[in-house]
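S.K.: sequence first, predicted coordinates after that:
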Amino acid sequence: MPGCRQLLLNSKDRLILARRRSINGFRVSIRALEVSQAPFSSVNFDLLAIFDFFRPSFQIQICVKFCYKNVYKVVLPAITPVACKSNMKFFTHIPFILGFLAVLHPSCNAKVCNVLDYGAVADGQTDVGPAIIKAFNDCKTQTTGDPADTVVLVPRGDYSIGSNVVMMKGKAITFTFDGTLNLIYSTTLTKNMISFIRFEQLVVNGKGRFNGNGMRYRPNGSLKRSPQRPRLVRIENSIDVDYSGFNLFESPMYHLTLYNVTNANVHDFEIHGPDIGTTDGITVAGWNISVHDVVVEGGDECVSVKSPSDGVTVKDVTCIKTDGCSLGSMGPGARGYSINNVRFENINLTDASNGIIVKSYKNAQGAIDNLTCINFSLTRVAYAIKLDSSWGNTKWDQTRFRQKRALAGQRWTNFRFISFRGTAKGPRQVVTINCDQKEQCTGLVFKDIQVTGTKIPKPKFVAGCGSYDSASTEALGPLRAC
């Protein structure tokens, strides 16, 4: 395979791609698949990777072509067994190899709109917002139908952001944030700092972070000083979205919101905020949405599902502090809200207010059907399971929202809670059920609810019925059958 450089990648039971090598002066990280310290804006070179599966005698040759700026492509002209002898088990690894290569899809011929070419300066002072918009407006006219072929790049460096970046009607495009964005403090900033509106095939990724500097908008923890303070990232009215890698820190208000989105994958990144209200982590509303492998730290919702939603899966999530995972809240003026087919699985919560909470204002009207919550690990969590149809029915909220009660009620049906284990915090009920007394909650199923703590009071249920197993007797004793 002429023109290829050699690099040996060893593996035993799986590929281990951690070793760094230097080739022609370019430092190559095989795991991260990046080329750094390159003197040119575009660098192409070939790499011969010899994968050794289980025995040195079973090898294949793969020619890999790398490009600069995190855009790369694997060229696979041939798969050739080397010294295979008579054992043909080698060929059983080919599907795995091809699956690995599929991850390296972005093309070397991609159009990369680097914000540095559009006026951005990584000096920590110059507003990067206008440069991002200019780069997007240039790139969006040159798409191919594959998001990997068109990339708006914010490279490594420290950038200031002091204006709202609103982008609309993009199709098949990737935004890679490898730098650090630092939000300035300004009393004139409000709404969402980065907005993607009416996109199709949108990819947001990178290794960077967005620092919201929320403490400056909440002096001494006050939420009233800047009530219209900005939020970090919002994606709305979009189809086929993938968000990963771009970490969010210390937002003045909400961190990441997806609204009216169809087919979304949100994964593999972290959110870190203070233990204070309105620091919601991930908020979604839409259809066929997956949230998985994320860490959220803050003082409000960890992952929240809003109306309208259908087909939302939240899995393998770590919540530190936070208000727990939630459906809602549905406000006092909500009419006809609808949330269906939601699943939370493998959720780890520490020092949270709730494990899972379904909440709405008393005057709201709508329906929630088919909620499954399974495998919740709780450490010092105040309420493991809480259903509250009059969550916002405080005296302050009654004054703030003078809404007439809806003629129809709130119908919550077919909720399953399976395997909630851990420790409680404070003298609170493990399970709280406060449902709409007109519609009630029906089809509630509880299995393996085992939460321990000190001075846990007896449960009290309002307008709910369902079933529970023997392991859940202590938490669900008074629950009546439907």
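M.R.: Cool, got the structure.
S.K.: okay, now the domains of this protein?
M.R.: 4-102, 110-300, 312-482 (automatic domain parsing).
S.K.: so which of those comes closest to residue 306?
M.R.: domain 110-300 (4.0 Å; CB to CB). Backbone N, C-alpha and C define where each C-beta goes, glycine included.
S.K.: what mean pLDDT does the closest one get?
M.R.: The pLDDT scores in domain 110-300 average 97.
S.K.: before we move on, the earlier item: dump the domains of the chain to TSV, plus mean neighbour count and distance to residue 306.
M.R.: Output for the domains of the chain, formatted as TSV (neighbours: other CB atoms under 10 Å; distance: least, CB to CB, whole Å):
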stretch	mean neighbour count	distance to residue 306
domain 4-102	14	33
domain 110-300	20	4
domain 312-482	19	7
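S.K.: which parts of the stretch 151-300 of the chain are helices?
M.R.: Using DSSP state H, counting those that start in this stretch, the helices of the stretch 151-300 of the chain run over residues 214-217.
S.K.: can you give me the strands in it?
M.R.: 158-161, 165-168, 171-177, 180-183, 192-197, 200-205, 209-211, 231-236, 239-244, 247-249, 256-272, 282-298 (DSSP state E, counting those that start in this stretch).
S.K.: now for the second one, which elements pack on it?
M.R.: When contacts are defined as 3 or more CB pairs under 8 Å, 6 or more residues apart in numbering; DSSP states H and E, strand 165-168 packs onto helix 129-139, strand 192-197.
S.K.: contacts for the shortest one, please.
M.R.: Identification of contacts with strand 192-197 by CB atoms under 8 Å, 6 or more residues apart in numbering yields 132, 161, 164-170, 175, 183, 202, 204, 210, 212, 230-238, 241, 257.
S.K.: separation between the closest residue to residue 116 other than its chain neighbours and residue 202?
M.R.: Of all residues beyond its chain neighbours, the one nearest residue 116 is residue 155 (6.5 Å), with distances taken as CB to CB, 6 or more residues apart in numbering. According to CB to CB, to the nearest Å, residue 155 and residue 202 sit 20 Å apart.
S.K.: then residue 286?
M.R.: In terms of CB to CB, residue 286 sits 13 Å off from residue 202.
S.K.: okay, the helices and strands packed on strand 165-168 in CSV with distance to residue 419 next?
M.R.: Formatted as CSV, the helices and strands packed on strand 165-168 follow (distance: least, CB to CB, whole Å):
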stretch, distance to residue 419
helix 129-139, 44
strand 192-197, 36
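S.K.: of all the ones you listed, which one comes closest to residue 412?
M.R.: strand 192-197 (30.8 Å).
S.K.: now residue 201: closest residue in space, sequence neighbours ignored.
M.R.: Nearest non-adjacent residue to residue 201, counting by CB to CB, 6+ apart: residue 172, 4.3 Å away.
S.K.: thought the one you found was touching residue 150?
M.R.: Yes. Counting by CB atoms under 8 Å, residue 150 is a contact partner of residue 172 at 6.5 Å.
S.K.: list residues touching both of the two?
M.R.: Here residue 172 and residue 150 have 143, 144 as joint contacts, going by CB under 8 Å, 6+ apart.
S.K.: ok, now which ones touch residue 349?
M.R.: Contacts of residue 349 (CB under 8 Å, 6+ apart): 302, 319, 322, 324, 325, 355, 376, 377, 378, 379, 381, 422.
S.K.: could you rerun that using 10 Å?
M.R.: Going by CB atoms under 10 Å, 6 or more residues apart in numbering, residue 349 touches 296, 302, 317-322, 324-325, 355-356, 376-381, 384, 422.
S.K.: same question for residue 456.
M.R.: Residue 456 neighbours (CB under 10 Å, 6+ apart): 424, 426, 427, 428, 429, 430, 474, 475.
S.K.: so which of those sit within strands?
M.R.: When DSSP state E defines the strands, the subset of those inside them is residue 424.
S.K.: and the contacts of residue 456, which of them are in helices?
M.R.: If you go by DSSP state H, those have 474, 475 in helices.
S.K.: of all the contacts of residue 456, which comes closest to residue 276?
M.R.: For the contacts of residue 456, the nearest to residue 276 is residue 426 (19.2 Å; CB to CB).
S.K.: and the pLDDT for that closest one?
M.R.: For residue 426, the model assigns a pLDDT of 83.
S.K.: that one contacts residue 351, correct?
M.R.: No. Judged on CB atoms under 10 Å, residue 426 makes no contact with residue 351 at a distance of 11.5 Å.
S.K.: what touches both of those two?
M.R.: Listed as contacting both residue 426 and residue 351 by CB under 10 Å, 6+ apart are 380, 381, 382.
S.K.: helix or strand for the first one, which one?
M.R.: Okay, so that is residue 380. strand 365-381 (DSSP states H and E).
S.K.: with only the CA atoms kept, save that strand in PDB.
M.R.: Output of strand 365-381 as PDB, limited to C-alpha atoms (Å, rounded to 0.1, in the frame of the first residue of the first chain):
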ATOM      1  CA  GLN A 365     -55.400  20.800  31.700                       C
ATOM      2  CA  GLY A 366     -54.000  17.900  29.700                       C
ATOM      3  CA  ALA A 367     -52.800  14.300  29.800                       C
ATOM      4  CA  ILE A 368     -49.700  12.200  30.400                       C
ATOM      5  CA  ASP A 369     -49.700   8.500  29.400                       C
ATOM      6  CA  ASN A 370     -47.100   5.700  29.600                       C
ATOM      7  CA  LEU A 371     -44.200   6.800  31.800                       C
ATOM      8  CA  THR A 372     -41.600   4.200  32.800                       C
ATOM      9  CA  CYS A 373     -38.900   4.900  35.400                       C
ATOM     10  CA  ILE A 374     -36.500   2.000  36.000                       C
ATOM     11  CA  ASN A 375     -33.300   1.600  38.000                       C
ATOM     12  CA  PHE A 376     -32.900   4.800  40.000                       C
ATOM     13  CA  SER A 377     -30.000   4.900  42.400                       C
ATOM     14  CA  LEU A 378     -30.600   7.400  45.100                       C
ATOM     15  CA  THR A 379     -28.100   8.900  47.600                       C
ATOM     16  CA  ARG A 380     -29.600  11.400  50.100                       C
ATOM     17  CA  VAL A 381     -32.600  12.200  47.900                       C
END
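S.K.: thanks a lot, catch you later.
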